[in-house]
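S.K.: sequence first, then the predicted structure:
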Amino acid sequence: MQAVFLTISISKNSLQPVYLQLAEIITSLIKNGNLRAGDRLPSTRQLAQFLEVHRKTVVRAYDDLLAQGWLESETGNGTFVARNLPQAKPKQLITGNQVIPDPVKVAGFVFEQPEHLNRHLNISTSTYHLDDGFPDTRLAPLHDLSRAYRTQLLTGNPYKKMGYADTQGSLALREQLSTHLNITRALNITADNILITRGSVMGLYLACTSLLKRGDRVVAGSPGWLGADTNFAQAGADLIKIPVDEFGIRVAELEQICSKKTVRLVYVTSHHHYPTTVSLRADRRIQLLRLSEKYGFIIFEDDYDYDFHYLNKPLLPLASADQQGTVLYCGSFTKTISPAFRVGYLVGPVNVIQHLAKLRRIVDRQGDEMLENAIAELLQDGIIQRHLRKSLRIYRQRRDMLCDLLRTELNDYLQFEVPDGGMSVWTCFDQKINLEKLALEAKKKDLYFSDGRIHHTPLNQQNATRLGFASSSIIELEQSTNILAGLLKK
């Protein structure tokens with residue numbers, strides 16, 4: 001037996017079958033140059049005795065490697081490493097003082113790693129949370145969704161339902177959604193105007209990738225959403241930031257920019273601006289649409305939580321007044337049901353939607369047809385609409401409770417305006433308070449909230465963050481505020 005085989009070991013307690021372990025070991029020996037082309041392997045009986053395994057196990061490993069071309073067999077002469085394999089030098093784990101990287105962890109080729117992709121992924125496991133503004137998944141109509149999903153799985157023609165579908169998204173959902181958006185947002189669209197996506201961020205990515213060229217100018221508000229900024233950077237766009245005040249993005253400053261430079265796209269959250277929650281005032285909406293008509297730029301309207309407005313009927317989106325076909329309107333069911341269900345939508349002129357669907361096809365052939373059809377059923381039956389009405393009442397109570405608690409317990413440490421809608425309160429802390437340190441101390445007390453650094457830009461240095469209320473019960477909001485008060489007052 002070759003000496004190299006005396007060094008190998010097999011784990012009989014591994015979940016991986018023994019024959020596969022042996023096959024992988026022999027393959028590695030060949031790749032590393034420890035076994036060379038034409039080398040004879042031990043007989044199956046000899047190797048089985050040494051490894052203390054059944055001979056059939058070794059036979060199966062050899063057969064697999066013969067089929068893959070690593071080995072070749074000569075009747076009556078034995079089994080050999082395939083002679084047509086290129087010679088490999090034995091791999092040295094250490095060259096001088098340099099340790100060769102593990103190829104499983106470090107690639108053997110160079111690739112660019114743009115800084116804008118280095119975003120921290122935060123997954124909170126704390127019991128209490130004043131988060132970025134997430135829905136309470138305990139309120140979601142999960143039983144109804146489960147029933148509708150089961151119906152989609154078990155009824156109808158399985159070949160049609162479970163095969164490849166329209167890249168533009170489930171026709172049933174697009175039809176129900178067009179009706180819903182026409183009623184609630186005064187749009188005038190059909191199913192052909194809708195592209196179903198896996199959330200708002202996918203809609204924005206498709207628009208940026210397809211409609212922006214490197215060097216195109218994009219204008220967005222500051223503070224704003226880092227996810228949008230990252231998409232603009234990925235597309236190679238030149239991002240210009242303009243301030244957001246209590247009435248939304250300053251459209252007059254946009255006009256000054258447009259008079260001097262060509263702008264390709266303006267990104268706006270006209271309803272409950274992220275992160276400040278302010279709504280774009282009516283006169284600025286009119287002015288923004290007029291500027292789009294005059295200068296020909298695209299308006300990307302991200303309407304991520306339109307349904308949650310507490311004082312009166314929410315302002316209609318810009319898309320409802322678009323007479324020139326310059327607005328792309330984006331939304332999702334993330335805030336309606338749960339972030340786990342990745343179903344969103346992009347609304348626009350038919351030719352643009354068809355174009356974006358072609359791009360979507362090469363990155364994601366289609367969405368989750370079963371889930372999309374199930375949500376269509378919930379829309380058709382009015383379940384989502386009833387859920388929205390119920391959630392609106394509950395979230396309003398929670399907003400009022402959090403604002404009362406902040407005012408009575410923490411008034412000396414922060415300032416805020418009661419938001420007209422949305423799921424969080426934009427809260428400005430005293431400049432003497434180290435928000436990063438406070439967030440770390442709160443986490444030790446089992447409370448999560450953002451330290452606000454994600455919202456910092458050259459135009460925005462406020463010591464502020466979003467305190468979400470929708471995902472917490474009244475009792476949880478009280479406990480969260482008590483934790484904050486205890487840390488600030490100590």
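M.R.: Noted; the coordinates are in hand. Residues are numbered from 1 along each chain as shown.
S.K.: low-confidence ranges in the protein?
M.R.: 1-2, 88-99 (pLDDT under 70).
S.K.: so in it, which strand runs the longest?
M.R.: Longest strand in the chain by number of residues (criterion: DSSP state E): strand 238-245.
S.K.: OK, contacts around P339?
M.R.: Taking Cβ atoms under 8 Å, 6 or more residues apart in numbering as the contact definition, P339 lies against 134-135. For every residue, glycine as well, the C-beta is placed using N, CA and C.
S.K.: part of a helix, is it?
M.R.: No: according to DSSP: H, G, I helix; E, B strand; the rest coil, the state of P339 is coil, so it is not within a helix.
S.K.: so how far is V363 from it?
M.R.: Taking Cβ to Cβ, to the nearest Å as the criterion, P339 is separated from V363 by 20 Å.
S.K.: I figured A228 hits A207, correct?
M.R.: No: taking contacts as Cβ atoms under 8 Å, A228 lies outside contact range of A207: 10.5 Å.
S.K.: ok, back up a step: which residues sit against the longest strand of the chain?
M.R.: Applying Cβ under 8 Å, 6+ apart, the contact partners of strand 238-245 are 215-224, 229, 232-233, 249-250, 253-254, 257, 263, 273, 276, 278, 457-460.
S.K.: I'd like the next helix or strand past that strand.
M.R.: Later in the chain than strand 238-245, the nearest helix or strand by DSSP states H and E is strand 248-249.
S.K.: what packs against that next one?
M.R.: Identification of packing neighbours for strand 248-249 by 3 or more Cβ pairs under 8 Å, 6 or more residues apart in numbering; DSSP states H and E yields helix 282-295.
S.K.: please identify the buried residues of the helix it packs on?
M.R.: Along helix 282-295, the positions that meet the burial threshold by neighbour count (16 or more other Cβ atoms under 10 Å) are 284-285, 287-289, 291-292, 295.
S.K.: what distance separates stretch 355-373 from the centre of its chain?
M.R.: Taking the mean of its C-alpha atoms, stretch 355-373 sits 15 Å from the chain's own mean (Cα atoms, centre = their mean, to the nearest Å).
S.K.: stretch 450-467 too?
M.R.: On Cα atoms, centre = their mean, the centre of stretch 450-467 falls 21 Å from that of its chain.
S.K.: what of stretch 292-309?
M.R.: Distance, stretch centre to chain centre, for stretch 292-309: 21 Å (Cα atoms, centre = their mean).
S.K.: may I see the buried residues of it?
M.R.: When neighbours are counted by 16+ other Cβ under 10 Å, the buried residues of stretch 292-309 are found to be 292, 295, 297-309.
S.K.: tell me which of these fall in strands.
M.R.: 298-302.
S.K.: for L280, list the residues it contacts.
M.R.: The contact partners of L280, taken as Cβ under 8 Å, 6+ apart, are 247-249, 268, 270-271, 273, 288, 315.
S.K.: before we move on, what about T44?
M.R.: If you count contacts by Cβ under 8 Å, 6+ apart, T44 has them with 55, 58-59, 62, 79.
S.K.: could you report the neighbour count for the closest residue in space to it that isn't next to it in sequence?
M.R.: The shortest distance from T44 to any residue that is not its chain neighbour, by Cβ to Cβ, 6 or more residues apart in numbering, is 4.3 Å, and that residue is V58. Around V58 there are 26 other residues, counting by other Cβ atoms under 10 Å.
S.K.: helix/strand/coil for V58?
M.R.: Put simply, V58 is helix when judged by three-state DSSP.
S.K.: would you check how far apart it and G69 are?
M.R.: Here V58 is placed at a distance of 19 Å from G69 (Cβ to Cβ).
S.K.: show me the helices in the stretch 301-450 of the chain, by range?
M.R.: Chain-ordered helices for the stretch 301-450 of the chain, with DSSP state H, counting those that start in this stretch as the definition, fall at 350-363, 369-380, 383-409, 435-444.
S.K.: do the same with the stretch 101-250 of the chain
M.R.: Counting by DSSP H, counting those that start in this stretch, the helices of the stretch 101-250 of the chain are 142-154, 158-161, 171-185, 200-211, 226-234.
S.K.: turn those into a markdown table, columns for mean neighbour count.
M.R.: What follows is the helices of the stretch 101-250 of the chain, written out as a markdown table (neighbours: other Cβ atoms under 10 Å):
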| stretch | mean neighbour count |
| --- | --- |
| helix 142-154 | 15 |
| helix 158-161 | 10 |
| helix 171-185 | 19 |
| helix 200-211 | 21 |
| helix 226-234 | 19 |
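S.K.: closest one to L392 among those?
M.R.: Between L392 and the helices of the stretch 101-250 of the chain, the tightest spacing by Cβ to Cβ is seen for helix 171-185, at 12.4 Å.
S.K.: strands of the stretch 1-150 of the chain, start to end?
M.R.: 71-74, 78-81, 94-95, 98-99, 128-130 (DSSP state E, counting those that start in this stretch).
S.K.: would you mind giving those strands as CSV with distance to L438 and mean neighbour count added?
M.R.: Below are the strands of the stretch 1-150 of the chain laid out as CSV (distance: least, Cβ to Cβ, whole Å; neighbours: other Cβ atoms under 10 Å):
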stretch, distance to L438, mean neighbour count
strand 71-74, 64, 16
strand 78-81, 63, 17
strand 94-95, 47, 8
strand 98-99, 41, 8
strand 128-130, 12, 24
